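Peer 1: sequence? don't have it. structure:
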């Protein structure tokens, strides 16, 4: 089935939620020195009494960075009942308020405390978006292209990361410039709220609450008039699922993670989402400039942007194969690659070989892009029944955010080599666990 312009518009607008996920997650990476007063070349912003920078100890910066993950954890927990009650579209519209408020607090912050509060609020919305967006995209995508469209989640995260890194190259200066980076997140949240008004609700959600006419209307808009026969076939194919969903109550997050009936699905979903963070990708996203600056002080920012751009390109190319190649094989190769290159990155730092470290960092992120980046976001819809999908997605995000917090808070406080040795060991062990412990899917 071809991709209609309205479908592409809908998926792009939905994916602004995970764009914000990536943007807000990485926004402190590049401007760290400017905002923490390591560079003091600007005068105070006296017109509204805002300081040009905020002096911070290492633990202050770690807290401001990692509090985003705590907000994400709570947002992920709250999102499942919201999507069940209000639907995917209304939940995302409500969710933009956190991005707007959090962005404004960060842009206008007079203190570390207000900055930290803004990061927490942005994290709430990012956590909810990371649950809702993959579900919403999967439910509006054509059945024969769900892998391709499912990759929009990770692609949009990568676009968000790349966008904030690019802005950071030009705006990482004390005074107003670094605050503009924060304000862009608020503006994007407002834009998404307006654009979502023109998007339909998920057809599958409408079917699950008994609104089959609404589901048909939504599919007609998404698929276009030239696919009327396929629309009816898609409705008929989905009817057994939605009838079962209507008869079977939605599974709560607590039931999903504690019930013996869901144990295998919970282990797969939560295990992959936890591994996505414990293999250390956010050590590069949150702290990549700091990791590289010790060896390449004049090029760290530019290299970090190139790595982010490569991450985006490789994920986009890899998405073409997600409907053709076993996800198990891609995940195993991805984890093994990350483990190997994490160890090489640690060796390059230990031996003071800048080229080895830069190449290993590039390959570490590239390995993430071919599997462990995009595929865990799709695993819930492929491995658990429909009534448990929301709970599976939420529980996976909970452990994902716990892993994010561990990495974001811990990496600045321990030697970089030690962190990447740990990531390498976890990566190789995870690859073995997936290869021998998960059935192909």
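Peer 2: Nice, thanks for sending it over. This one's a predicted model, so the numbers in the text were calculated from it and none came from an experiment. Numbering: from 1, shown residues only.

Peer 1: and the closest residue to residue 293 other than its chain neighbours, how far is that from residue 65?
Peer 2: Nearest-residue entry for residue 293: residue 300, 4.1 Å, with adjacent residues in sequence omitted and distances by Cβ to Cβ, 6 or more residues apart in numbering. Bear in mind the C-beta positions are built from the backbone N, C-alpha and C, glycine included. Residue 300 sits 17 Å away from residue 65, going by Cβ to Cβ, to the nearest Å.

Peer 1: same deal with residue 135?
Peer 2: 28 Å.

Peer 1: also residue 169?
Peer 2: Note on residue 169: its distance to residue 65, by Cβ to Cβ, is 19 Å.

Peer 1: show the pLDDT at residue 46.
Peer 2: Looking at residue 46, its pLDDT stands at 47.

Peer 1: do the same with residue 390
Peer 2: For residue 390, the pLDDT comes out at 75.

Peer 1: now it: which helix or strand?
Peer 2: Assessed by DSSP states H and E, residue 390 sits inside helix 386-410.

Peer 1: can you give me the helices for the stretch 151-300 of the chain?
Peer 2: Counting by DSSP state H, counting those that start in this stretch, the stretch 151-300 of the chain has helices at residues 152-171, 176-196, 203-208, 212-223, 228-247, 253-258, 263-278, 281-293, 300-318.

Peer 1: of those, which is nearest residue 383?
Peer 2: Of all the helices of the stretch 151-300 of the chain, it is helix 263-278 that lies closest to residue 383, at 5.4 Å by Cβ to Cβ.

Peer 1: relative to helix 386-410, how tilted is the closest one?
Peer 2: Put simply, helix 263-278 runs at 30 degrees to helix 386-410, going by axes from the mean of the first three to the mean of the last three Cα atoms, to 10 degrees.

Peer 1: how far does helix 263-278 sit from its chain's centre?
Peer 2: Chain-centre distance of helix 263-278: 15 Å, with Cα atoms, centre = their mean, to the nearest Å.

Peer 1: what is that helix packed up against?
Peer 2: When contacts are defined as 3 or more Cβ pairs under 8 Å, 6 or more residues apart in numbering; DSSP states H and E, helix 263-278 sits against helix 253-258, helix 379-383, helix 386-410, helix 416-437.

Peer 1: buried ones in the helix holding residue 390?
Peer 2: For helix 386-410, burial by neighbour count (16 or more other Cβ atoms under 10 Å) applies to 386-409.

Peer 1: hang on, isn't residue 336 packed against residue 431?
Peer 2: Yes - the criterion here is Cβ atoms under 8 Å, and residue 336 meets it with residue 431 at 4.0 Å.

Peer 1: more neighbours: which of these two?
Peer 2: Taking neighbours as other Cβ atoms under 10 Å, residue 336 and residue 431 compare with residue 431 leading, 24 against 19.

Peer 1: contact partners for that one?
Peer 2: By Cβ atoms under 8 Å, 6 or more residues apart in numbering, the contact set of residue 431 is 331, 332, 333, 335, 336, 339.

Peer 1: of those, which is the most crowded?
Peer 2: Neighbour counts for these (other Cβ under 10 Å) peak at residue 335, which has 28 neighbours.

Peer 1: which ones are touching that residue?
Peer 2: Residue 335 is in contact with 275, 279, 367, 371, 372, 427, 428, 430, 431, 434, counting by Cβ under 8 Å, 6+ apart.

Peer 1: including pLDDT and distance to residue 182, could those residues go into JSON lines?
Peer 2: Shown next, in JSON lines, are the contacts of residue 335 (pLDDT from 0 to 100; distance: Cβ to Cβ, whole Å):
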{"residue": "275", "pLDDT": "94", "distance to residue 182": "31"}
{"residue": "279", "pLDDT": "94", "distance to residue 182": "28"}
{"residue": "367", "pLDDT": "94", "distance to residue 182": "31"}
{"residue": "371", "pLDDT": "89", "distance to residue 182": "32"}
{"residue": "372", "pLDDT": "91", "distance to residue 182": "29"}
{"residue": "427", "pLDDT": "96", "distance to residue 182": "33"}
{"residue": "428", "pLDDT": "97", "distance to residue 182": "38"}
{"residue": "430", "pLDDT": "95", "distance to residue 182": "34"}
{"residue": "431", "pLDDT": "95", "distance to residue 182": "37"}
{"residue": "434", "pLDDT": "92", "distance to residue 182": "38"}
